[in-house]
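Enquirer: this one's structure only:
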């Protein structure tokens, strides 16, 4: 087993971000273009894929009172720091925020839907007061810059689909399986293996969960679960505590709390889901620190394994993927092995498949609480060797084939669903 490759996969697919990753990627694209622009920004033009528009419309911009891709692009252009990656605007000055808002309010930020078929695609062109232009494109991954241009002259260029840095999806698919992940988790040596992003995820994602429980963010799903628990409406148990802690982190993140998170497969919510739920379950179960670390590693790797086929963006909610990782992590904490984890995967795919992604917004935390409830239930069933059979729906006897069926559904069904969802979102009565 190639431990270094698996660590490289983890450290490639788990990165630190502040706020929702789609607005952050839009801001990063604009900030990248800004590095090539002479003069003060006077106009911002953004063309983005349906998935990017859908996921950036209602997400809060960290450190500001604003939300949406127009503000994200404008702030990236006026105050973004490219060196900080998906934390590109979390240190933006008050002046940069005001300048960005002025660009939006004056109608100098233009948004359009790209015809490029790539699900993750952002094309930003900037114009300056002195007539200069600059352009940048990010595609296929949230920090993957494939094109840079200054005053019409190409600076760098790669084909859409090229991964400039990181481990390609094809390599991840070739490397990971449920069994390989289980064996790696049992074999890993924390003194020798580079698992710093798991360490970061445990520390950083725990913090945003605490922030969500302490403050007032979005729909306050985590705090509502806590209040229901305190009033005796629901039990004070492993399931409730895991739902509470995990959804609280998503509450804070989607409201634009200026607090970082470690992502999984391009999603902060999925990083929170795969990590915090397992940490909470481990605390309830009294698991030691080493067992907890291995369970969190397993949960995140299962999410990455599924996402390698699923893609970064889809019409299906990614919390179902991270929730499946969480179910396997909880199985591990309960003493289960590969067989029980495969049962848990089939149970999750038989349960929450079909939950749609209608953009990144406050009620993502509600969907996450649902997926964590399901993850716990599916894990408990798996430990009793109760599982969805291949007679039912998309589930196969082999959990790996079930995963393929799930990802096929997401990939082939997304184009029609995404456009329909976005059309509904853009034409809702009273949206603003």
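Expert: Noted; the coordinates are in hand. Everything quoted here is computed from the prediction, not taken from an experiment. Residues are numbered from 1 along each chain as shown.
Enquirer: Please, which helix or strand holds the nearest residue in space to residue 34 that is not next to it in sequence?
Expert: Counting by C-beta to C-beta, 6 or more residues apart in numbering, residue 77 is the residue found nearest to residue 34 once chain neighbours are left out, at 5.1 Å. The way it works is simple: take the backbone N, C-alpha and C, and place the C-beta from them, glycine included. Assigned by DSSP states H and E, residue 77 belongs to helix 69-79.
Enquirer: Just the residues contacting that helix, thanks.
Expert: The contact list for helix 69-79 (C-beta atoms under 8 Å, 6 or more residues apart in numbering) reads 22-24, 26-31, 33-34, 41, 44, 46, 48, 52-53, 56-57, 61, 64, 66, 88-89, 92-93, 95-97, 99-101, 103-104, 109, 111, 124, 126.
Enquirer: Can you give me the pLDDT of the residue nearest to residue 409 when sequence neighbours are not counted?
Expert: Leaving aside its sequence neighbours, residue 409 sits nearest to residue 394 (C-beta to C-beta, 6+ apart; 6.5 Å). On the pLDDT scale, residue 394 is placed at 94.
Enquirer: Mind checking what secondary structure residue 394 has?
Expert: Using DSSP: H, G, I helix; E, B strand; the rest coil, the secondary structure recorded for residue 394 is coil.
Enquirer: What about the residue lying closest to residue 30 once chain neighbours are set aside, how many residues nearby?
Expert: Distance criterion C-beta to C-beta, 6+ apart; nearest residue to residue 30, sequence neighbours excluded, is residue 76 at 3.3 Å. Neighbour count of residue 76, defined by other C-beta atoms under 10 Å: 34.
Enquirer: again with residue 356
Expert: Residue 356, neighbours per other C-beta under 10 Å, totals 16.
Enquirer: can you tell me how far it sits from residue 130?
Expert: To residue 130, residue 356 is 46 Å away according to C-beta to C-beta, to the nearest Å.
Enquirer: How far does stretch 302-311 sit from its chain's centre?
Expert: 12 Å (C-alpha atoms, centre = their mean, to the nearest Å).
Enquirer: With stretch 299-319 instead?
Expert: That offset, for stretch 299-319, works out to 9 Å (C-alpha atoms, centre = their mean).
Enquirer: now swap in stretch 207-218 and tell me
Expert: From the chain centre to the centre of stretch 207-218 is a distance of 18 Å (C-alpha atoms, centre = their mean).
Enquirer: Return the set of buried residues in that stretch.
Expert: Neighbour counts using 16 or more other C-beta atoms under 10 Å place 208, 209, 210, 211, 212, 213, 217, 218 of stretch 207-218 among the buried residues.
Enquirer: What about these, which are in helices?
Expert: Counting by DSSP state H, the buried residues of stretch 207-218 place 208, 209, 210, 211, 212, 213 in helices.
Enquirer: show me what contacts the fifth one?
Expert: Same thing as residue 212. By C-beta under 8 Å, 6+ apart, the contact set of residue 212 is 222, 223, 247, 248, 249, 250, 251, 252, 253, 257.
Enquirer: one more time with 10 Å
Expert: Residue 212 is in contact with 218, 220-223, 244-255, 257, 259, 272, 276, 365, counting by C-beta atoms under 10 Å, 6 or more residues apart in numbering.
Enquirer: Surely the residue nearest to residue 409 touches residue 348?
Expert: No. The criterion here is C-beta atoms under 10 Å, and residue 394 misses it with residue 348 at 11.6 Å.
Enquirer: shared neighbours of these two, anything?
Expert: Applying C-beta under 10 Å, 6+ apart, one finds that residue 394 and residue 348 are jointly contacted by 388, 402, 406.
Enquirer: could those residues be laid out in CSV, adding pLDDT and secondary structure?
Expert: Below are the shared contacts of residue 394 and residue 348 laid out as CSV (pLDDT from 0 to 100; DSSP: H, G, I helix; E, B strand; the rest coil):
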residue, pLDDT, secondary structure
388, 97, coil
402, 97, helix
406, 95, helix
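Enquirer: Give the helix, strand or coil label for residue 303.
Expert: Strictly by three-state DSSP, residue 303 counts as helix.
Enquirer: tally of neighbours for the closest residue to it other than its chain neighbours?
Expert: In this structure, residue 303 finds its nearest non-sequential neighbour in residue 325, 3.7 Å apart by C-beta to C-beta, 6+ apart. Neighbour count of residue 325, defined by other C-beta under 10 Å: 33.
Enquirer: surely residue 325 meets residue 181?
Expert: Yes. With contact defined as C-beta under 10 Å, residue 325 reaches residue 181; the gap is 9.5 Å.
Enquirer: Find the residues that touch each one of the two.
Expert: Joint contacts of residue 325 and residue 181 (C-beta under 10 Å, 6+ apart) are 298, 299, 300, 301, 302, 304, 305.
Enquirer: Put together TSV for those, with pLDDT on each row.
Expert: Below are the shared contacts of residue 325 and residue 181 laid out as TSV (pLDDT from 0 to 100):
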residue	pLDDT
298	98
299	98
300	98
301	98
302	98
304	97
305	97
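Enquirer: Scan these and report the most crowded one.
Expert: residue 299 (36 neighbours).
Enquirer: Who are the packing partners of the helix or strand containing residue 373?
Expert: Residue 373 is part of helix 364-383 when elements are defined by DSSP H and E. Applying 3 or more C-beta pairs under 10 Å, 6 or more residues apart in numbering; DSSP states H and E, we find helix 364-383 packed against helix 221-230, helix 238-254, helix 268-285, helix 319-333, helix 338-351.
Enquirer: what angle do that helix and helix 338-351 make?
Expert: Here helix 364-383 runs at an angle of 130 degrees relative to helix 338-351 (axes from the mean of the first three to the mean of the last three C-alpha atoms, to 10 degrees).
Enquirer: Go through the helices and strands packed on helix 364-383 and name the closest to residue 379.
Expert: Closest to residue 379 of those, according to C-beta to C-beta: helix 319-333, at 4.0 Å.
Enquirer: relative to helix 364-383, how tilted is the closest one?
Expert: Here the directions of helix 319-333 and helix 364-383 differ by 40 degrees (the same axes, to 10 degrees).
Enquirer: Could you quantify the relative orientation of helix 319-333 and helix 238-254 as an angle?
Expert: With the same axes, to 10 degrees defining the directions, helix 319-333 sits at 140 degrees from helix 238-254.
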